[in-house]
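Q: Need coordinates for the below:
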Amino acid sequence: MDVAEIGAELRDYAEDARRATGTPGGVIAVSDGSETAEVACGWADLARQEGMTAGFTFPGGSLSKIYIALAVALLVERGELDVDAPLSEYIKVANPLGGEPLTVTHLLTHRSGLALDTYDAVMGVSQDEVMTLVRELHGPEYGQVRQRWVARTGAAFAYSSLGMALVAAVIEHLTGMPFARFVAGEIAVRAVLGTTSWPGGPGWGRGESMTGYMGFGDQAVPTPVIGSRCASSTGVVTTAGDQNRLMANLLGGEGGLLRAETLRWLTTPRVEYTFLGRPIGMHIGAGVQLRNVGTREFAVGHNGAYPFGWWSASWTYPDLGLAVTAAGNRWDMRQYMEIEPTWAWQVAQEAARLRAGGAPRHPGGRSRSYVAGMVTGGRLHGLLGVGQRIGEDELTEMVAGTRRVERGEPWTGEAFTDGLRMMESARTAAEIRARVAAEGGLAETVDLTALAWGERRGGTMMVSREYD
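A: Next up, the predicted model:
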């Protein structure tokens with residue numbers, strides 16, 4: 001299926017997925033390197049009733065790491081950077097726990113010994129303080145529960161935004177300019193990225209951002225402005241179209257950012273990606289994520305998340321000849337780090353499926369009431385093995401007696417504010433749990449609210465399992 005056809009097929013699917021995931025709005029861009037299609041749906045801002053368009057920007061979070069990886073590849077291609085040289089030749093950073101000599105390769109493949117981290121978040125605008133952060137003994141999560149360095153270099157995989165920000169610091173050392181300026185001149189201009197910018201860099205703040213929302217069941221609350229002290233590895237702001245023009249460069253061919261041999265170097269699998277010690281079906285190249293290694297659906301790129309309002313997926317499928325980027329403006333506050341249920345992931349996967357020859361799907365053809373009837377029939381006649389039909393009179397009574405059940409009291413801003421303020425001074429997981437336990441009945445309310453919002457695992461909504 002060509003790009004124009006994919007774009008046309010995605011219009012209905014994108015809207016159906018938006019409603020199913022409770023996402024206010026989103027944008028997806030697809031390209032084969034010459035032809036491009038962009039689809040926008042829903043709302044950029046709910047309060048203003050401002051419809052989504054392809055021109056709205058979004059914080060890309062870890063999409064920033066693609067730019068770091070490309071910057072490294074450019075310097076390697078020019079012979080200006082040896083990724084396997086001791087890191088101390090470029091910046092004064094060492095792993096206090098020892099191990100192999102620390103290199104840029106260790107940082108790119110998340111085997112430096114640094115801990116799994118978040119954003120080193122602050123209120124307000126992002127900034128780079130990586131050389132300060134790397135000397136701090138603990139990360140900020142849950143009252144500094146985790147040390148910065150947790151393993152010997154080369155011994156284990158742990159995804160680290162700080163580690164990738166240190167790579168950006170190496171780039172600054174070699175080029176003599178801020179990372180944001182190097183990206184603007186060496187990547188953004190060449191890839192024709194008209195809106196993409198970085199905190200404090202050229203063009204910062206241009207473009208209008210879609211509002212990001214925290215999702216609490218069917219409530220969408222605008223996220224506060226949260227900054228990162230690792231701006232180079234988490235701070236890019238872009239549009240789906242801009243980002244996808246960058247990703248089209250990873251399709252190869254004449255006029256791309258990298259030579260063919262450099263592109264192969266960038267996308268060669270180096271280590272298996274694991275999360276909390278478990279494989280998740282991905283690998284890491286030279287700073288980029290790799291999926292479906294060894295198949296026709298091989299993909300290179302990265303997922304992005306920025307708290308607590310935006311999720312994005314940006315992937316290139318070289319063998320399919322497709323680049324796809326999607327961004328949606330809802331963060332499900334029941335959990336912290338799962339991209340699969342998000343609008344961005346669902347529509348990006350659908351675009352790739354169509355390109356690979358999958359048949360178009362039109363989920364809007366049947367209502368949810370129809371699906372409810374199907375589930376009832378499947379459970380009755382399949383699971384229970386009942387051979388008789390429900391009589392028409394009984395079925396009529398069932399339908400007539402159907403009502404929508406209220407799943408909670410009306411939303412009030414005053415109560416939301418009180419709850420937020422109550423947790424402001426709770427830093428550790430133990431303190432958070434103690435606040436919940438201190439008020440009679442509150443723990444039960446939290447559990448029942450989680451059920452109302454669809455949480456089924458239990459115990460993970462108040463304290464994230466990734467950093468507890």
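Q: for whichever strand or helix holds Ser314, packing partners?
A: Ser314 is located in strand 310-317, with elements delineated by DSSP states H and E. Counting contacts by 3 or more Cβ pairs under 8 Å, 6 or more residues apart in numbering; DSSP states H and E, strand 310-317 packs against strand 58-61, helix 240-248, strand 299-306, strand 322-328, strand 330-332, helix 343-355. Placement of C-beta: from N, CA and C, glycine included.
Q: Tell me which of these is the most buried.
A: strand 322-328 (a mean of 31; mean count of other Cβ atoms under 10 Å).
Q: about what we covered before: please name whichever of the helices and strands packed on strand 310-317 is nearest to Cys230.
A: strand 58-61 (10.6 Å; Cβ to Cβ).
Q: Which strands border the strand holding Ser314, and is each parallel or antiparallel?
A: Under the criterion DSSP bridges, strand 310-317 sits next to strand 299-306 (antiparallel), strand 322-328 (antiparallel) in its sheet.
Q: and these as CSV, adding distance to Met423?
A: Shown next, in CSV, are these (distance: least, Cβ to Cβ, whole Å):
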stretch, distance to Met423
strand 299-306, 21
strand 322-328, 26
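Q: re earlier: compare the helices and strands packed on strand 310-317 and give me the one nearest Arg181.
A: Here helix 240-248 is closest among these (Cβ to Cβ), at 17.1 Å.
Q: JSON lines for the helices and strands packed on strand 310-317, including distance to Leu420?
A: Shown next, in JSON lines, are these (distance: least, Cβ to Cβ, whole Å):
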{"stretch": "strand 58-61", "distance to Leu420": "21"}
{"stretch": "helix 240-248", "distance to Leu420": "31"}
{"stretch": "strand 299-306", "distance to Leu420": "19"}
{"stretch": "strand 322-328", "distance to Leu420": "24"}
{"stretch": "strand 330-332", "distance to Leu420": "16"}
{"stretch": "helix 343-355", "distance to Leu420": "26"}
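Q: how about these, which one is nearest His110?
A: Of the helices and strands packed on strand 310-317, nearest to His110 by Cβ to Cβ is strand 299-306, at 12.5 Å.
Q: How far off centre is that closest one?
A: Taking Cα atoms, centre = their mean, to the nearest Å, one finds the center of strand 299-306 at 6 Å from the center of the full chain.
Q: still on that earlier bit, I'd like to know which of the strands paired with strand 310-317 is closest to Val104.
A: Going by Cβ to Cβ, the one of the strands paired with strand 310-317 nearest Val104 is strand 299-306, 17.8 Å.
Q: Show residues contacting the closest one.
A: For strand 299-306, contacts defined as Cβ atoms under 8 Å, 6 or more residues apart in numbering pick out 58-66, 212, 226, 234, 247, 250, 266-267, 285, 288-292, 310-318, 327, 331, 337, 339, 345, 352.
Q: my guess is Ala165 meets Gly235, correct?
A: No: the criterion here is Cβ atoms under 8 Å, and Ala165 misses it with Gly235 at 9.5 Å.
Q: give me phi/psi at the closest residue to Glu50 other than its chain neighbours?
A: Distances taken as Cβ to Cβ, 6 or more residues apart in numbering place Ala44 nearest to Glu50, at 4.9 Å, with adjacent residues excluded. When read as degrees, to the nearest 10, the backbone of Ala44 gives phi -80, psi -30.
Q: Next up, the contacts around Asp117.
A: Shown in contact with Asp117 (Cβ under 8 Å, 6+ apart): Gly139, Glu141, Tyr159, Ser160, Ser161, Leu162.
Q: Name the SS class of the third one, please.
A: Spelled out, it's Tyr159. Here Tyr159 is coil, with the state taken from DSSP: H, G, I helix; E, B strand; the rest coil.
Q: what's the nearest residue to it if we skip its chain neighbours?
A: Using Cβ to Cβ, 6+ apart, the closest residue to Tyr159 is His110 (5.2 Å).
Q: Return the backbone torsion pair for Arg433.
A: Here Arg433 shows phi and psi, under degrees, to the nearest 10, equal to phi -70, psi -40.
Q: need the contact list for it.
A: By Cβ under 8 Å, 6+ apart, the neighbours of Arg433 are Met462, Val463.
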